[in-house]
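Student: I would like the atomic coordinates for the input below:
(chains A, B, C and D)
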Number of protein chains: 2
Amino acid sequence: MPDTLSQRFAALADPTRRAMLVQLSRGQASVSDLAKPFLKEMSLPAVTKHLKVLEKAGLITKTREAQWRPCQLNGEAFKDVADWVDQYRTIWEQRFDRLDAYLKTVTAKQNPTGKNYGRKK
Amino acid sequence: MPDTLSQRFAALADPTRRAMLVQLSRGQASVSDLAKPFLKEMSLPAVTKHLKVLEKAGLITKTREAQWRPCQLNGEAFKDVADWVDQYRTIWEQRFDRLDAYLKTVTAKQNPTGKNYGRKK
DNA sequence: TGGTTAATTAACCTTATAGTTAAGTAGCAG
DNA sequence: CTGCTACTTAACTATAAGGTTAATTAACCA
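Tutor: Next up is the predicted model:
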């Protein structure tokens, strides 16, 4: 069950792949262009595999031009990810609300959160 | 070398864990609260493991209260992710620029991108 | 003290991921 | 046709991820 969003997050969970995306954000590049910074650390087939992961996740598009495979970013996929994360925007903008909640916590003695979890009574 | 951002993306790359985060966005919840929607599909230790992944990624914080382990979201971690993705905002807002680039492409005959990749001459 | 609830740890299994080397395909240039 | 450049595929290996069951810890309750 590899849903699209899971594939996208998984693809982003690798520093090599993220570095490739950074390079692509500066414009279209071929496989060997993208491989260049990594050929000391890994082989070309490894690079091919990383690009395949990015492609399957929809983050990049690979086209053909003679013997080259120019790659470019796919904006919509990034927007998908951004939209999901944005659901949590209120959470990270909530500092003061959370401080407020904390102050209530230290005031109350027992069961500070006011929740009773699974308690029977 | 699991850098923080990689850990965060990896933690988000699982629908069960994302569902847990959704629940936590509605407020603090204990491990068994979080487990409830999943106990038909998986065991409690599996839930514990998922929460450990979220915790190591810094996306949630687990505290202690008697025999319960209330969990809550950690806003900063989400902000980290959002900030990274936001680097690509221009890409997905670039529709018209890309249409423009495409129009140039269909006009030029040879080597449409104007790039020469690794070509010697 | 003994039992129940909440959660974790240990040991194990299966599959996926990230890498390797070696061989194969495809386009172009002499 | 030969050979170089660009890239992919195949086959294999090692480790990590996600799940299981069974046993363990820990806090509360009667």
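Student: any low-confidence regions in chain A?
Tutor: A:1, A:95-121 (pLDDT under 70).
Student: Show me the helices in it, by range?
Tutor: Using DSSP state H, the helices of chain A run over A:4-12, A:15-25, A:31-35, A:44-56, A:75-86, A:89-92, A:95-107.
Student: Just want the angle from the first one to helix A:75-86.
Tutor: The one in question is helix A:4-12. Inter-element angle recorded for helix A:4-12 and helix A:75-86: 100 degrees (by axes from the mean of the first three to the mean of the last three C-alpha atoms, to 10 degrees).
Student: Does helix A:4-12 reach chain B?
Tutor: Yes - contact of helix A:4-12 with chain B (C-beta under 8 Å from any C-beta of the partner chain) involves A:5-10, A:12. C-beta here means a position set from N, CA and C on the backbone, and glycine is covered the same way.
Student: Show me the contact partners of that helix.
Tutor: When contacts are defined by C-beta atoms under 8 Å, 6 or more residues apart in numbering or on different chains, helix A:4-12 is touched by residues A:2, A:17-18, A:21, A:53-54, A:56-59, A:77, A:80-81, A:84, B:9-10, B:12-15, B:18.
Student: gap between A:S32 and A:S25?
Tutor: Distance of A:S32 to A:S25, given as C-beta to C-beta, to the nearest Å: 18 Å.
Student: oh sorry, the question was meant for A:A11
Tutor: Per C-beta to C-beta, A:A11 is found 15 Å from A:S25.
Student: quick one, which of these two is more surrounded?
Tutor: More crowded of A:A11 and A:S25, by other C-beta atoms under 10 Å in any protein chain shown: A:A11, with 25 against 14.
Student: Count the neighbours of the residue nearest to that one when sequence neighbours are not counted for me.
Tutor: Closest residue to A:A11 apart from its sequence neighbours, by C-beta to C-beta, 6 or more residues apart in numbering or on different chains: A:A57 at 3.7 Å. Residues contacting A:A57 under the criterion other C-beta under 10 Å number 23.
Student: separation between A:A57 and A:T4?
Tutor: Distance of A:A57 to A:T4, given as C-beta to C-beta: 8 Å.
Student: ok and the residue in chain A nearest DNA strand D?
Tutor: A:S32 (2.8 Å; C-beta to the nearest atom of the strand).
Student: May I see the residues of helix A:4-12 next to chain B organised as JSON lines, with neighbour count and distance to A:S43 added?
Tutor: Below are the residues of helix A:4-12 next to chain B laid out as JSON lines (neighbours: other C-beta atoms under 10 Å in any protein chain shown; distance: C-beta to C-beta, whole Å):
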{"residue": "A:L5", "neighbour count": "18", "distance to A:S43": "30"}
{"residue": "A:S6", "neighbour count": "18", "distance to A:S43": "27"}
{"residue": "A:Q7", "neighbour count": "18", "distance to A:S43": "24"}
{"residue": "A:R8", "neighbour count": "23", "distance to A:S43": "25"}
{"residue": "A:F9", "neighbour count": "24", "distance to A:S43": "26"}
{"residue": "A:A10", "neighbour count": "19", "distance to A:S43": "22"}
{"residue": "A:L12", "neighbour count": "28", "distance to A:S43": "22"}
